[in-house]
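In: return atomic coordinates for the entry below.
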Amino acid sequence: MTTPIIIAATARKPRRRKTGGQGAPAARNNYLAQAPKKPAGARPGNRNAWKHGGYSTQTRATRAEIALRVDTLLRTIDAALAMLGPQ
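Out: The predicted model follows:
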């Protein structure tokens, strides 16, 4: 399906490329439906992303503690099942 907007966009000359800055590079063509993909996460150099997100020191410590407790619980269950023997 070709609309008048797409026909006009493909007919005009490509826009000037952006220079400098951060983020995704400018598109190499003039097609409207194909936007450049943004990288996941915070912009490069954003230190706040580490302080408040899922990779903060506190969050990683909490996850490690939970993993240790789950591991201990699973070992206890395995030991109890071994004591009961085959059923």
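
In: moving C-terminal from the worst-scoring helix or strand of the chain on mean pLDDT, which element do we reach first?
Out: With mean pLDDT, DSSP states H and E as the measure, the helix or strand of the chain carrying the lowest mean pLDDT is helix 48-52 (a mean of 66). Following helix 48-52 in sequence order, the next helix or strand is helix 57-84 (DSSP states H and E).

In: now that following helix: buried residues?
Out: Neighbour-count burial for helix 57-84, counted by 16 or more other C-beta atoms under 10 Å, picks out no residue. In short, each C-beta sits where N, CA and C put it, glycine included.

In: from now on call the first residue 48
Out: Fine by me, first position is 48 from now on; the one you just mentioned is helix 104-131.

In: show me what that helix is packed up against.
Out: Taking 3 or more C-beta pairs under 8 Å, 6 or more residues apart in numbering; DSSP states H and E as the contact definition, helix 104-131 has no neighbouring helices or strands.

In: state the mean pLDDT of that helix.
Out: Mean pLDDT, helix 104-131: 94.

In: distance of Thr123 from Val117?
Out: 11 Å (C-beta to C-beta, to the nearest Å).

In: with that, I have no additional questions.
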